[in-house]
Each structure stands twice: as structure tokens, then as C-alpha cells.
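Asker: Sequence first, predicted coordinates after that:
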Amino acid sequence: MLFHLINTPFGAYAYDANINCIAAISKDISRFLKEHDCTINKCNVPQHLKTEIDELMGIGFFQEPNTKKITHPLTQDISFMLERGVSQLVLQVTQNCNFRCSYCAYTQNSGNQRLHSSQRMNFDTAKKALGFLHEHSIDSPKINIAFYGGEPLLEFELIKKTVYLAEKKFSGKTITYNITTNGSLLTEEVLDFFSKHRISLMISVDGPKEIHDKNRKFINKEGTFDSILNNIRYMKKYYPDLYRTLTINIVLDPSTNFESIASLPEQYPEFADLVIRAGIANDYDSAIKNTYKEHFTAKYFYNQFLEYLTIGGFIRSPYVNNVLSNQINSENELVQKLFNKSTMGVISSPGGPCIPGYHKFFVDTKGRIYICEKVCESNAMKIGDIDHGFDLEKVKSLLNVGKLTEKLCLNCWAFRLCSSCAKFADGGEELSSEKRLEYCREAKMQAHHRIRNYILKNDIRDHKYSMLKELKL
Amino acid sequence: MNENSTIVFPTTYKQLPLISLSKVYFPNMNLIPVTFNSYYNPRRKDVANLDNRNQLNVQYYPESDYNLNAKQLVLTSGTGSSENIKETVAVVKKAIQNKTSIYSCLTAEEEQKLFEFANLSSIESEKFISSAKQIINEFFDHFTFEEFIGRELYRPTLPVVAVGSIMGFNNQSEITAQISLELKDHRAAAIVNSNDYSILNCFPMLDVIYANDYTVVEKVILLNQYIKYIVEVSNCNVLVIEIPGGLIRLNNSYLNDLGQYAYILSQAVDVDYFVCCSSCNHFNRDYYENIIKYVSDKFNFETTAIHISNCFLDFQSISSVQQERLVFKSLDIVYRQINNLSDRTESSSCSRFYNLLDREQFSIFLESL
């Protein structure tokens, strides 16, 4: 059966993946379904529940899965999409970094990911990568080039040459640049160049000094906060236009104090007007797994709840800090889109995988092409190289990563809301169904939270006025 | 390139039809496509690469690499955006320096922006010729709302063919021009939603229908009277009109003009034949049957043909970034799609699917009219 039960403070609900629909159900039905492990047959339904069950069945609940086969709908189109429509290139200009952050997968990992190294991209490789993007992007009106590392600013000269060449090569199209940097090497020359070429920056700052310096350290183990803060202050004063486009990335360490992290914009006015993105440290590839302090978890979810109250118009933004706003808003938009879809087709594909290479592709220092910068640089995630092009068969197998676990996926209630991308099937040399199944529990939990938050948001709206009275806010 | 040639700059997939149609209908025109560097692929020098159509045997050139030794420069509507104004200015200055005549397909607004950016003197600006702008100006010289009061909407007695696209962007300008050029012995005239087509003697769409300062009723009256004006000045026996924008919204977030221009046109003139252009996105026959019914109910258009273009619309990008994203498929995929959709054992809509850029299929379509 493709349905799932959810409880919120306001009531019980059932979600059915076949019709992508959430229905409010009575507590009796919820209890009955739970007791019978969500199995429905005419004989086991008690008389007093029959009407409600029949109503749900009438709108399509509790049916056998519509989808009989997993094939991504773009499988037959991917070849020409990659031939003509790619638009974003992420260049790994170096594997070196002047930081040694404790949670960084390049500092320590479970085996599939590379470690920090002195390997750097030479201009010839960058030039070939730009040529490759140029040849495969004739149908894309907008081009984005991102610089990634290690710490990309260790290769500032290469970045400069690449930008000059890109401007010539892509004249006539809108071209944007992004750089993800640790913020320690922002000299006047660098800022001047970024400002002139409208390069957007994302800098990682994990919270106020005491939190940030716990994990983000220079190679000599000294804290990095003061150096970054000085650079941001300098940028604000002398390059205000560039400063306005700056994004701060907070990697939340759940072993610390959430409220301290969230106080960053209050403690330092330099961060108050900036876009802040925050997410809990991804420990999937890490050898050291996250430690969750109870206090952190409680405050984190409490702040999430406050964000939902804000979205529902229940409270005004002064009650909440903006650390989680972007995360909640983008999740909210995504979930809204997921619920816009209609009935599942006979041939379909579970949620999760992006379209490898099409929306972005990542080129490492040696010119090997990977799906994106967030995956391990393993053979399983490699989709070609800039000399020989995309490996179409590999792209198709990554796009159809759901086939690895087809039987289970076809019968899973989280089929459409699944977040298990190809990264979670990385077996090093090849794609691995075992790896994919290892992540399955986490993916289901995320799907459960997505449905729950979607209901919560709508419930909040519906209960706004009655709750206002009760809580006297 | 030689001294009698005409450079078309920039030539992107939107201007490619000018090259393709001129080759068939104006073989002496000698149009030379020049594009921005970003659209030029040195490994595929045929201009057909721009939208992945069959080879035209016409080479195209990147802007960084051309020699402007030509009789005329056609400055197309792809010039106007701020991203490429620098390259455009360089081309214009070179043309002025070489005493090459400049035929402008820009809107008045785009032209003004270019003049300011290039810092052109008024004498230099006056060298820009634009028949599209001239036609619209002449129409407004003849028309006032006051004169219209108490009169009825014009009802043409000649056949009117309308060409529209479900989503927008699917060869509708090219097909509009192509039908009129093919029927030139029948004295056909075309109104196309791009000034670029004025070099092929097509009339521009009245741009005020997009303006906010007119009501829908005023837009209907204006378009109706503009059609009357075009019929009179061209003395045509057949009129082919491109419908701007799309016919339907794509989804609840990408509204695609809500088909408002199709509505305005349907109120301004009675359409006798309707050609519906579609992307190549694996839609099934039920989908097209629904579209045919929709345009019939909503606009009173009876669909004569459905053109399946080689353009694939990336709906995921449209939904997520609110931006049109097209990728051009090779034509063999389109033909396969048409074969799948056409079932010759059944009647009515089944024989309506074509790729009208294919000469053979276009002839079959014309015979069916």
C-alpha cells in the first residue's frame, strides 16, 4: 500500500502516494490502520468505519500502486539535453585548503571521498572545461560558472584568467559567477576583481566566534573567525555592492548551542542584512558522525515551528531570527511543488535524482566530470571527462538510480517525496543498491517531515484565529 | 562575404528563419548570418546548428571574427538586451565607419538605448532605416479613436489564417511568414510578431497590444483597424497572422500571458484557419484533442493543422526558475513523434500533425487548405 499515517497537534491524516493526496481522517481510522499495519481488506474493516473508508477509497485511497516500472521520464531526452542545453559549470580549481575544518569531508571521511591534496587545476584544463561548456550550451540563454575547492582563492590567478576567457567566449549571453570561499583570502585585489566582474560570494561562518572557531580552523589550528570578520567589514565599507550580494552559509553543529549560533546577526551587525543559509552539517561521508545535544535539537525544532507560525501569518518576524528562514522557505516551496503533481503514471520514477550534467556539472582538477560538487569524487559518481565528453550510459543509470531498488520503491509510500539522490547509492566503483537502502530510513523520515510540515503550515492557517485566543500572542 | 551581401546581426535561433526563408523565397538576397560568440560552434559551421534543423548549407560567423565588408547590416531584435549591448555597439560603429547602410529591426525603445550607449550623433542615428517602425507610425497617422466612434469593427472578406503556439516559442513566426511567402501568387500578406521579418516583406504586429495604457477593448479596436490598414496597403487576398504569446497557462505559477493575445485577436477578426504550434514534449493525442477543443471553445478557432516543432520545453526549469528553457531536438525524433501521433486509420484530427518546416509536409498541409 502506498499510504502513510501522520499525526499533528490538530488531528490525524493519511497521505496516499498514488494520488499524491493528504486527507484528514478520524482518530478511529488512524488507530485502526495503525493496528492493521495499514492493510485494508473489506473483511477486516469494522462496520462503524466502513463509510469513512469507502469515502477515502472513492477518491482513490488504498489502491494498488499505479506505477509498474521505474524509468525516469527524461531518459529518452537526456542525450540532446546534454548535447545542447547545459548551463552551469562548477570548477574545482584546487583540492588544497588553508583551513582544516573538523567536519569537512576532505579533512576526514569514510573512504569514498578524496582528502585535502595539493592538486590544482591548470589553465589548460580550465580552458578545455569552458570549451566543453560552450559546445554543450548553445540552447542555454544563461550561463553560470562557479569556482569551488578546497579553497578556490588559493588559485586566484587561475580564476581571473578563466573569467576573462569566459567573458569572451560567452558574449551575447547572460553570464553569472559564484564562488564558495572560506573568506580568509579576500584581499583588496580579489574584492576589486569580484566587484568589477559581478562575482557573487558565499562565505561560511558557523556562528559567533566561540562556535565558529570550534570547527573552522587554520592548518595551524588557530581560529579563523577574526580574520573572516575583518574581511567582511572591509568589504562592507569599501565594496558595498559586492557586500550586498554576499551569502553567509552556516554549517550547524548540533553539538553546540543553537541559540548562540542564531544570535550571530544580533551580535555582529555585519551579518544582519545578509542572506543566511543554514543547514545541519552533512555527515554522510564523514568518518565522525554528528553528535546531537538535546538542547540544540529542542531549540532547532522550536525555531522551525516559529518559522512556520510566521509563514502562517500567526506571529510577526521580530519573534524569530532569520537563521532558519531561507531553509524553511526553500523547503516550503519544494514541498508545495511536490504536492502539485497529479496521479502516478504506469511508468514513473521516484523523487531524488537530479538530471546529471544538465543543470550543473562539476569538473575536478584533472578534468573529470562529476554530477555535482556535493558528491564524492568516486568512479560511481563520474559521468565523463572534458576530453571524451559525457558518458551517456552512466548518466542514464544515475538518472534511473531508483531501478537499483525497483521492487521496494514501487511499493513505497515515499516514492514521490523521496530525497535519495544518486549520492546515496555511491558504492565507490559502482552504484550500490545496499548503499541506497542504507539511506532509505533517513529518506522516509524526511518525507514524513515534509508531509507533516505541509499539513502543519495549512493547519496553522486554518487554526490561526482559534489559536490566537488560546495562546494570547 | 562580398560587397553585395547583407549581414544579419545577431542571428540566434530566433533569426535563423530569416536565413532559411530567404534562401527559398529571395535567393538573391545573400544574407550572411553573424552571431554572438556564445552561439557559434566552430565544429558546426552551418547556421542550422542554431536550432538543430537540417543543414541549410549556409555558414555562420562569430561576432569576434567577421569582416564587415557588406552592402547592408540588418540589426535584429536580439540586439536589445543589456548583456550584449557592448558587442552590438562595436558592430554598429564598424558599420558606420565602413559606410554600410543599417536596417534596424529594433523597437523605438531598443534603438534609443543603443543610441545612448553608443553615443551616436543625430546624423549617425538618422542613418538607421526601419520599415517596421514606419508602417506602425503610418497607421497611427491615419487612426484616432475619435474617428472610430459610431463605426463597426472591420470584417475582412478575405480568408484569415492564424498561427499560434500552445506555450509560446514554437516556430510560429516562421510558419506565418512561410505561409504568406508560399502563397505570394495569391497576394498573401503576413503580420508577424517580430520586426525582423520586415526584411522578408512581412508586416510587424502592432506593439501597443502589449502596452498597459490601453484597455482590452481599445486593443481589440486598434488591432482590428490595423488589420484593415494592412489589407488596404498590401491589397492582399489572404491574410496570415501570428498570435503573440501562448494560448494557455503552463501551470499556476508560469501564466504565459494567459492566452490574452489569442483572445484579443479572436475578438478583432474572424479566423478561418488555425495552425497550432506545439513543442516536442511527448504529449499524447488526448492532450491535443483537449487543446483543439479549448481553442475552439475559448477563441472560436478551428484547428486546421498541428505543427510539432523540434523544440523541447523543460517544464521542470520553467516551474522552478520561472524561465523558459528550450532545447532543440533533432528532426528524426520529431518525425517519430508525428508518426506516433498520426493514426491514418482514423479521421479528423489524426491527419493534422505535421512539421511544417519540412517542405514536403508543408506542401501536404497547403493542399489540405
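Answerer: Here it is on my side, so go on.

Asker: Enumerate the residues of chain B near chain A.
Answerer: B:10, B:12-13, B:35-39, B:41, B:43, B:49-50, B:52, B:63-64, B:81, B:83-84, B:86-87, B:251-252, B:282, B:312, B:314, B:316-317, B:319-320, B:323, B:325-330, B:333 (C-beta under 8 Å from any C-beta of the partner chain). Using the backbone N, CA and C atoms, a C-beta is placed for each residue, glycine as well.

Asker: which of those residues count as buried?
Answerer: The neighbour-count criterion (16 or more other C-beta atoms under 10 Å in any protein chain shown) marks B:10, B:12-13, B:35-39, B:41, B:49-50, B:52, B:63, B:83-84, B:87, B:312, B:314, B:316-317, B:325-329, B:333 among the residues of chain B next to chain A as buried.

Asker: Sort out for me which of those are in helices.
Answerer: Under the assignment DSSP state H, these contribute B:87, B:316-317, B:333 to helices.

Asker: Same list (those residues) but as TSV, adding pLDDT.
Answerer: Shown next, in TSV, are those (pLDDT from 0 to 100):
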residue	pLDDT
B:Glu87	85
B:Gln316	75
B:Ser317	73
B:Ile333	92
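
Asker: which one among those gets closest to chain A?
Answerer: Of all these, B:Glu87 has the smallest distance to chain A: 5.3 Å, by C-beta to the nearest C-beta.

Asker: Surely that closest one touches B:Pro62?
Answerer: No: at 10.1 Å, B:Glu87 does not count as touching B:Pro62 under the criterion of C-beta atoms under 8 Å.

Asker: Mutual contacts of these two, please.
Answerer: B:Phe36 (C-beta atoms under 8 Å, 6 or more residues apart in numbering or on different chains).

Asker: Spatially nearest residue to B:Ser130 (excluding sequence neighbours)?
Answerer: The shortest distance from B:Ser130 to any non-neighbouring residue, by C-beta to C-beta, 6 or more residues apart in numbering or on different chains, is to B:Ser104 (4.5 Å).

Asker: Is that neighbour bridged to anything, and to what?
Answerer: B:Ser104 has these beta-bridge partners by DSSP bridges: B:Leu75.

Asker: Give me the distance between it and chain A.
Answerer: 18 Å (C-beta to the nearest C-beta, to the nearest Å).

Asker: Run a quick neighbour tally on that residue.
Answerer: Counted with other C-beta atoms under 10 Å in any protein chain shown, the neighbours of B:Ser104 add up to 26.

Asker: Return the residues in contact with residue 186.
Answerer: Because you didn't say which chain, this covers chain A. Contacts of A:Leu186 by C-beta under 8 Å, 6+ apart are A:153, A:231, A:234-235.

Asker: Please refer instead to chain B.
Answerer: Contact analysis of B:His186 by C-beta under 8 Å, 6+ apart lists B:237-238.

Asker: quick one: buried residues of stretch A:71-87?
Answerer: Neighbour counts over stretch A:71-87 (16+ other C-beta under 10 Å) mark A:71-72, A:74, A:77-87 as buried.

Asker: before we move on, back to that, so of the residues of chain B next to chain A, which ones are in strands?
Answerer: Within those, residues falling in strands by DSSP state E are B:35, B:312, B:326-328.

Asker: Straight-line length of stretch B:70-87, end to end?
Answerer: With C-alpha to C-alpha, to the nearest Å as the measure, stretch B:70-87 spans 18 Å from end to end.
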